[in-house]
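> sequence? don't have it. structure:
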């Protein structure tokens, strides 16, 4: 038993898709979320910048005495996983391994598309991990750099015409050519209605934040690291900047109030 | 006569619209440009973050021994103008004063729309400056937070359908109701074909970076601070991160090669 909180972080709002899964899977756990709203987006930045930011956040979460860290950000998972492990000094979960494991079970044809930020696509982390387990797979990758700004600016409603147009621009060329799409950025499930509208229902979308949450819940249970608490866990949200709409968008995504539990922290001090 | 360079800065690429004007107006001047590509966008951030970033950049430019600083960023001009003056210790030009001066000459009906980032709109700096000179003006403001990511991600071609759709979403409600639109963000002139397509040719678009460059050129000449150089000035570009496409997009916008004169600087050390 371990009553310490679970730490989850992302460059912004996207990691809340992992928070939503953890709330569902492990409702008795305390969660600490850090969203780097002051420095989002990560995916268009260079690797050394991403590594520096990831180290700072890992140190911040370590200071908050978390029992585990979930990297709810594909860019950090693919570019700075080792550095987060180094700084966090507790078990760390990234998105790549659980996402790949589910993807190769799901894909019938081996025709797989990875969509993500420029940094995630540049890292080729998904391709390498898929090929290590499934050498015959044919993996294509596509960077979709406008998807994060769309989500961060509230363009994710079911019928949002801008999200739909951008999804068509990025993805039309893959329609009919893949059977499984890895949403290789935790922001992207928030746009899944637009992405599904492009591909239709026969293509499986893999939600990387959800896959990570499922694996983390299983591993924490196996290691007897779940909390002994019977009541609902508490949640605390930290951001690096009070942006205009973090709380409002977070409440929309999580479908509950944050109850004022949002605080700004100066992440550059870590 | 003063042969020192002119410093120009922005959160990213937008300030290059001011560089383009300075190249045209004062071709013999050396220019130093700083684009905060590692921390763009500014316009969705809180004021204290914007002030901190602006101070760092002003100190960086002071260290580069510039003779003047042009704040080619509406967000900084409206939120942190005084702080930049404090740090720069040389004459500083912002976008608001010259833009407003031209706007009130141009507008026949006094029906003026200011478009900009959320921070610029929140500051109400344009409204206050217009009303001080033209109390009868009816000023409306609209934040257009997706415009900067569109430019930074290369969605600014003449017929870009995403830029056009986003422009219609933000601006349709003002068509027929204003005669002058202040492009209150230096990124926005790069989207002027989409914005013009919404408003038609009878509405005047005011380019804030251009207005600032015209005023700065005039004032430097009056103060006898122009360089004595007869040959073309040199340009040096600094960025806070090597993003995927800064050089390529900058060369498209400036219509010439940067000739490798792009360097990364760690702005957080300033």
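On my side now, so go ahead. Computed from a prediction, not measured in an experiment: that's the story for all the values here. Residues are numbered from 1 along each chain as shown, chains lettered A, B, ... in the order given.
> make it CA atoms for all contacts and neighbour counts henceforth
Noted.
> any idea of the mean pLDDT for stretch A:188-207?
Average pLDDT, stretch A:188-207: 96.
> what sits against the residue of chain A positioned farthest from its centre?
Ranked by distance from the centre of chain A (Cα atoms, centre = their mean), the top residue is residue A:230, with 27.6 Å. By Cα atoms under 8 Å, 6 or more residues apart in numbering or on different chains, residue A:230 lies in contact with residue A:28.
> go on, residue A:210?
A:17-18, A:21.
> where's the residue farthest from the centre of chain A relative to residue B:51, distance?
Per Cα to Cα, to the nearest Å, residue A:230 is found 45 Å from residue B:51.
> cool, and residue A:159?
37 Å.
> who has more neighbours out of the two?
Counting neighbours by other Cα atoms under 10 Å in any protein chain shown for residue A:159 and for residue B:51 shows that residue B:51 has the greater number, 18 against 12.
> and for the closest residue to the more buried one other than its chain neighbours, the neighbour number?
In space, and not counting its chain neighbours, residue B:51 is closest to residue B:80: 5.2 Å by Cα to Cα, 6 or more residues apart in numbering or on different chains. The number of residues packed near residue B:80 is 21, by other Cα under 10 Å.
> ok, residue B:80 touching residue B:50?
Yes. Taking Cα atoms under 8 Å as the definition, residue B:80 is a contact partner of residue B:50 at 7.1 Å.
> just the buried residues of stretch A:165-180, please?
Buried residues in stretch A:165-180, defined by neighbour count with 16 or more other Cα atoms under 10 Å in any protein chain shown: A:165-168, A:170-171, A:174, A:178-180.
> filter those down to the ones close to chain B.
A:165-166 (Cα under 8 Å from any Cα of the partner chain).
> what about the buried residues of stretch A:165-180, which are in strands?
Those of the buried residues of stretch A:165-180 mapping onto strands are residue A:180, per DSSP state E.
> residues of the stretch 51-200 of chain A that sit close to chain B?
A:118, A:145-146, A:149-150, A:153, A:162, A:165-166.
> any low-confidence regions in chain A?
Along chain A, segments meeting pLDDT under 70 span A:243-244.
> helix or strand right after the longest helix anywhere in chain A?
For chain A, the longest helix by residue count, based on DSSP state H, is helix A:47-63. With elements assigned by DSSP states H and E, the helix or strand that comes after helix A:47-63 is strand A:68-71.
> what about residue A:202, neighbour count?
Residue A:202 has 11 neighbouring residues, counting by other Cα under 10 Å.
> with adjacent residues omitted, what lies nearest to it?
Per Cα to Cα, 6+ apart, closest to residue A:202 is residue A:179, 7.2 Å.
> what residues are up against the one you found?
A:107-112, A:202-204.
> which strands and helices sit next to the helix or strand where residue A:263 lies?
For residue A:263, the host element (DSSP H and E) is strand A:262-264. The contact analysis (3 or more Cα pairs under 8 Å, 6 or more residues apart in numbering or on different chains; DSSP states H and E) places strand A:262-264 against strand A:235-239.
> neighbouring strands for the strand it packs on, and are they parallel or not?
The pairing partners recorded for strand A:235-239 under DSSP bridges are strand A:31-35 (parallel), strand A:262-264 (parallel).
> highest mean neighbour count out of those strands?
Across the strands paired with strand A:235-239, averaging neighbours per residue (mean count of other Cα atoms under 10 Å in any protein chain shown) puts strand A:31-35 on top, at a mean of 25.
> so how many other residues sit close to residue A:90?
When neighbours are defined as other Cα under 10 Å, residue A:90 has 16 of them.
> against residue A:56, how distant is it?
15 Å.
> residues of stretch A:235-252 that come out buried?
Neighbour-count burial for stretch A:235-252 [16+ other Cα under 10 Å]: A:235-243, A:246-247, A:249-250.
> mind listing what residue A:134 touches?
So residue A:134 contacts residue A:104 (Cα under 8 Å, 6+ apart).
> distance of it relative to residue A:155?
Here residue A:134 is placed at a distance of 36 Å from residue A:155 (Cα to Cα).
> over to residue A:265?
27 Å.
> just the buried subset of the residues of the stretch 51-200 of chain A next to chain B, please.
Of those, these count as buried by 16+ other Cα under 10 Å: A:118, A:145-146, A:149-150, A:153, A:162, A:165-166.
> for those residues, could you give me a markdown table that also reports secondary structure?
Listed next are these as a markdown table, based on DSSP: H, G, I helix; E, B strand; the rest coil:
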| residue | secondary structure |
| --- | --- |
| A:118 | helix |
| A:145 | coil |
| A:146 | coil |
| A:149 | helix |
| A:150 | helix |
| A:153 | coil |
| A:162 | helix |
| A:165 | helix |
| A:166 | helix |
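> and the furthest pair within those residues?
For those, the farthest-apart pair by Cα to Cα is A:118 and A:162; their separation is 20.3 Å.
> hey, where'd the helices end up in chain A?
Under DSSP H, chain A gives helices at A:16-25, A:47-63, A:74-79, A:81-88, A:96-106, A:118-123, A:125-133, A:147-152, A:161-171, A:192-199, A:208-222, A:246-254.
> which parts of the second one are buried?
Going back to what we said before, that points to helix A:47-63. Within helix A:47-63, judged by 16+ other Cα under 10 Å, the buried ones are A:47, A:50-51, A:53-62.
> how does chain A divide into domains?
The record's domain parsing of chain A by automatic domain parsing lists A:6-94+A:210-269, A:96-208.
> now those in TSV, with distance to residue B:12?
What follows is those, written out as TSV (distance: least, Cα to Cα, whole Å):
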stretch	distance to residue B:12
domain A:6-94+A:210-269	12
domain A:96-208	15
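> nearest to residue B:198, of those?
domain A:96-208 (15.9 Å).
> quick one: end-to-end distance for the closest one.
7 Å.
> same thing with stretch A:176-192?
From its first residue to its last, stretch A:176-192 covers 18 Å (Cα to Cα).
> off-centre distance for it?
Distance of stretch A:176-192 from the chain centroid (Cα atoms, centre = their mean, to the nearest Å) equals 12 Å.
> stretch A:253-268 now?
Distance of stretch A:253-268 from the chain centroid (Cα atoms, centre = their mean) equals 17 Å.
> which residues touch that stretch?
The contact list for stretch A:253-268 (Cα under 8 Å, 6+ apart) reads A:16-17, A:19-20, A:56-57, A:60, A:190, A:235-242, A:247, A:250-251.
> run through the bridge partners of residue A:10.
So, taking DSSP bridges as the rule, residue A:10 has residue A:35 as bridge partners.
> and it, what is it in contact with?
Residue A:10 touches A:34-36, A:71-73, counting by Cα under 8 Å, 6+ apart.
> how about 6 Å then?
A:35, A:72-73 (Cα atoms under 6 Å, 6 or more residues apart in numbering or on different chains).
> which residues does residue A:55 contact?
The contact partners of residue A:55, by Cα under 6 Å, 6+ apart, come to residue A:84.
> re the thing from before, including distance to residue B:218, could the buried residues of stretch A:235-252 go into a markdown table?
Shown next, in a markdown table, are the buried residues of stretch A:235-252 (distance: Cα to Cα, whole Å):
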| residue | distance to residue B:218 |
| --- | --- |
| A:235 | 57 |
| A:236 | 53 |
| A:237 | 50 |
| A:238 | 47 |
| A:239 | 44 |
| A:240 | 41 |
| A:241 | 38 |
| A:242 | 39 |
| A:243 | 38 |
| A:246 | 43 |
| A:247 | 46 |
| A:249 | 46 |
| A:250 | 48 |
